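Student: dropping the sequence and predicted coords here.
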Amino acid sequence: MLDLIILSVHFFTCFLISVLIWWGSKDMVLHSPSKGTVETEPDDLVLVGKEDDIKKSQRITAKVNGREVVVFYHEGRFYALDSRCYHEGGPLHLGEIEDIDGQACIICPWHKYTITLETGEGLYQGINPLEPSPTPRWQSKGVKQRIHKVTVKNKNVYVSPPDMSVSFDSDYFAEKYKNGGELAMKK
């Protein structure tokens, strides 16, 4: 009976989070200053915002070629990755950043999946059952989340469009949310 209650509370919590996301996040969203177009540099970089604004807010969401991307500023560095978690499409811009084994990681707010900001690797804690006293250690699931190159020029922050010649698990949800799709974040 207790299991049923816990499961019900879990599903109700997930439902409430989904409703809150649908109603729109309070996150800062930056768009190009031009009307309806995306500013690009000659090397196809997409302007996502001013360096000082992003440093101040610590994170923003932006569209890069129609794809939702979250840009983080953490401990003096910029990182960009698909805005939706590879696991179930959770909103990474609402997640907490934690240091895990010396790596900056975003924790998905929906199911607590851990993703490195620098490489997009999915991490999990595992044990070796053959050890006499198994101790949980952080291990890699491999690269699951698409990351994007960030460039800072003249106090502007740019993100490179994704290289679609390689696929990642996060591409599934990036496509679902692309260009205001059925699951897109309200702006």
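Tutor: Nice, thanks for sending it over.
Student: how about the strands in the protein?
Tutor: 46-50, 59-64, 67-74, 77-82, 96-100, 103-107, 114-116, 121-126, 137-143, 147-148, 150-153, 156-159 (DSSP state E).
Student: the ones you listed: which one's closest to Tyr177?
Tutor: strand 67-74 (5.2 Å; Cβ to Cβ). (Glycine included, C-beta is placed from N, CA and C.)
Student: identify the residues contacting the closest one?
Tutor: Contact with strand 67-74 is made by 48-49, 54-55, 57-63, 78-84, 92-93, 97, 104, 106, 117, 148, 150, 157, 159, 162, 174, 177-178, 184-185, as judged by Cβ atoms under 8 Å, 6 or more residues apart in numbering.
Student: can you flag the buried ones in the residues you listed?
Tutor: 48-49, 54, 59-63, 78-84, 92-93, 104, 106, 117, 148, 150, 157, 159, 162, 174, 177-178, 185 (16 or more other Cβ atoms under 10 Å).
Student: any stretches of the chain with poor pLDDT?
Tutor: 1-4, 6-42, 179-187 (pLDDT under 70).
Student: for it, identify the residue most remote from the centre.
Tutor: Pro132 (37.6 Å; Cα atoms, centre = their mean).
Student: quick check on that residue: phi, psi?
Tutor: Pro132 adopts backbone torsions of phi -60, psi -40, taken as degrees, to the nearest 10.
Student: tell me the contacts of it?
Tutor: Neighbours of Pro132 in contact, by Cβ under 8 Å, 6+ apart: none.
Student: over to Ser83?
Tutor: 61, 68-70, 91-93, 174, 177, 185.
Student: just those residues now: which is nearest Lys141?
Tutor: Closest to Lys141, out of all of the contacts of Ser83 and judged by Cβ to Cβ, is Leu92, at 16.0 Å.
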